[in-house]
Structure formats: C-alpha cells, structure tokens
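In: Just a sequence and a predicted model for now, questions to come.
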Amino acid sequence: MKVLICTDTNAAIDRAAHLMTDRLRDKPKSVFGLATGSTMEPLYDRWIAIAGDEGLSFARARTFNLDEYVGLPASHPQSYHHYMERFFFDRIDIDRANAHLPNGAAPDPAAEAKAYEGRIANAGGIDLQLIGIGRNGHIGFNEPTSSLTSRTRLKTLTRSTLEANAAHFPPGETPPRYVITMGIGTILESRACLLLATGAGKAEAVERMIEGAVSAACPASALQFHPSATIVLDPEAASCLK
Ligand code: F6R
C-alpha cells in the first residue's frame, strides 16, 4: 500500500486526479473502474479539467462502475447512472457504449451481477479502479462481514449506510435496501487501485484499513493484499493514523 497524505483536501483531490490522468495519457484505451459519492464529485471535476488542459480524449476509454441501487431506473435522479452522467459522462467524449454500470432495474439482479462480472472480464479486466470508503469501512457496497473473495453480487445495505445514503434522497423517499456491487475479490483483481478519502468522518475507517488487521469487519483492509494500491488522503482523513 502506498499512502499519500496531502497538505489539504484540494491537494488530495488534485493528486488523485493527476494519477487518473496519468493512466489515461499512458493508455488511452484504459479500463477504469469508477465510484460515486460525495468524495468523487470534486475528483471528476478536476480530472475533466486536467485532461482538458492536456487535450486528452476519453473516446477510447472504457469504464465500469462499482455499484448501483437495485430497483431504481437509470433515469432516477438518485441512481448511480444519473450521478455518472451528471458528474462525468455528459462532460467528456466517452463512447457511451463503453461506459458500464450494473443495471439496477434488471428483472433478475443476481443474473445481472453475474453478467456484469463477465463484461469486466471480456474487457480484459480493470486497469485502474477508483474507490471511496464508507465510514464503516465498506468499499463499493461490500459492507462489513462481506467475504474477502466475494464477486459482483446482490447485497443488502447496513442500517448505517442506509442512513448515510438517505441524505442524498428527498425527504420522505427511502433509499433502496439492495444494491448490485462488485465484490472484494473483483476489486482485488484490478491491476491498480486508487482510494481517495477526505474529511474527519473517514479517519477511523482509514486507520482500520491501513493499520488494522485484514478482516471482513473492515472490507477496505483487504486492500492491504492488493499488489498496487495507492491511498490518497487529506490531513483530516489521515488524522487517526499512528
Ligand atoms: C459508491 C461507493 C461507496 C462510496 C462510499 C463513500 O460508488 O462505492 O463505497 O465510495 O460510500 O461515499 P462518500 O464519498 O459519499 O462518503
């Protein structure tokens, strides 16, 4: 694990965005694994800006998102399809046929999860997987107690994640309980991964990920086994490290 503690939040976002851009420049046909969430919004802004400044194109890139809610159509404002369109796909020249998310509206979510895994394999696997971390140590929506060898599958969200996600839904609307998520085994197969964490709310999870025992109690700790994992932190997210 390579841990980069940056001088402030903007510097962390900038560092992560440069690492994503480096990969795009080196291999325009890269397969990127992507994430959603509040942490990633400024990261996409910055990545788009840096790539634009350098005149880089996403036209040959392929992407696979980590996860999607089950039961939300792609057009739903809180779906991850919608998030990705708003913060990334609508603003770059990617060929939309190459931008993949699990289909949360599929009639058979378990079959969709299996097919998604097949689509990643057919693309040759993921070159660089972008990851956020939940306060409970989840990566993707692999909640605590997820098997460290799990594959893309249907998963039930924990109460704490449901509460965190509810903030993104209009009052009175309940976030879905079920998701399709890449598994921890799937994530560990990426050729490189980049986890970005910012803010004091992530400090304890970051400490357990980096300095704790590898355990399903903290799914992100599995990244200690990844051969090429880079963790980019701001000082607040790094504040519990020894
Ligand atoms: C989203 C995802 C989640 C988030 C995590 C952090 O695709 O996989 O694991 O990365 O919940 O979310 P934020 O950044 O909103 O704190």
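Out: Nice, I can see it. Numbers count the residues shown, from 1 in each chain.
In: Okay, whichever residue of the chain sits closest to the ligand and residue 71: tell me how far apart.
Out: Taking Cβ to the nearest ligand atom as the measure, the chain has residue 132 as its residue closest to the ligand, at 2.3 Å. Placement of C-beta: from N, CA and C, glycine included. Summarising the geometry, the distance separating residue 132 from residue 71, computed by Cβ to Cβ, to the nearest Å, is 22 Å.
In: So for these two, which sits in the more crowded spot?
Out: The residue with the greater number of neighbours, taking residue 132 and residue 71 and applying other Cβ atoms under 10 Å, is residue 132; the counts read 21 against 14.
In: That one is in contact with residue 33, isn't it?
Out: No. Using Cβ atoms under 8 Å, residue 132 is not in contact with residue 33, being 11.6 Å away.
In: State the distance from residue 102 to residue 50.
Out: 28 Å.
In: Close to the ligand: what parts of the protein are there?
Out: Among all residues of the chain, those adjacent to the ligand (criterion: Cβ under 6 Å from any ligand atom) are 35-39, 66-67, 132-134, 138-141.
In: Please list only the buried members of those.
Out: Buried members of the residues of the chain next to the ligand, counted by 16 or more other Cβ atoms under 10 Å: 35-37, 39, 66-67, 132-134, 138-141.
In: Please flag which of those sit within strands.
Out: Per DSSP state E, strands hold the following members of these: residue 67.
In: Quick one: the helices in this structure, in order.
Out: Using DSSP state H, the helices found in the chain span residues 9-26, 40-53, 80-87, 109-122, 159-166, 184-188, 203-211.
In: quick one: contacts of the third one?
Out: Contacts of helix 80-87 from elsewhere in the structure, counted by Cβ atoms under 8 Å, 6 or more residues apart in numbering, are 34, 36, 40-41, 44-45, 65, 67-69, 74-76, 99, 101, 104.
In: one more time with 7 Å
Out: 34, 36, 41, 44, 65, 67-69, 74-76, 101 (Cβ atoms under 7 Å, 6 or more residues apart in numbering).
In: repeat for stretch 203-213
Out: The set of residues external to stretch 203-213 that reach it, using Cβ under 7 Å, 6+ apart, is 1, 3, 133-137, 197, 218, 220-221, 223, 231, 233, 236-242.
In: cutoff 8 Å now
Out: Residues from elsewhere that reach stretch 203-213, judged by Cβ under 8 Å, 6+ apart: 1, 3, 133-137, 195, 197, 218, 220-221, 223-224, 231, 233, 236-242.
In: Which of those residues are buried? Put it as a ChimeraX command.
Out: Under the burial definition 16+ other Cβ under 10 Å, those of the contacts of stretch 203-213 that qualify are selected in ChimeraX by:
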select :3,133,134,136,137,195,197,218,220,221,223,231,233,236,237,238,239,240
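In: ok, back up a step: which of residue 102 and residue 50 has more neighbours?
Out: Residue environment comparison for residue 102 versus residue 50 gives the larger neighbour count to residue 102, 28 against 18, counting by other Cβ under 10 Å.
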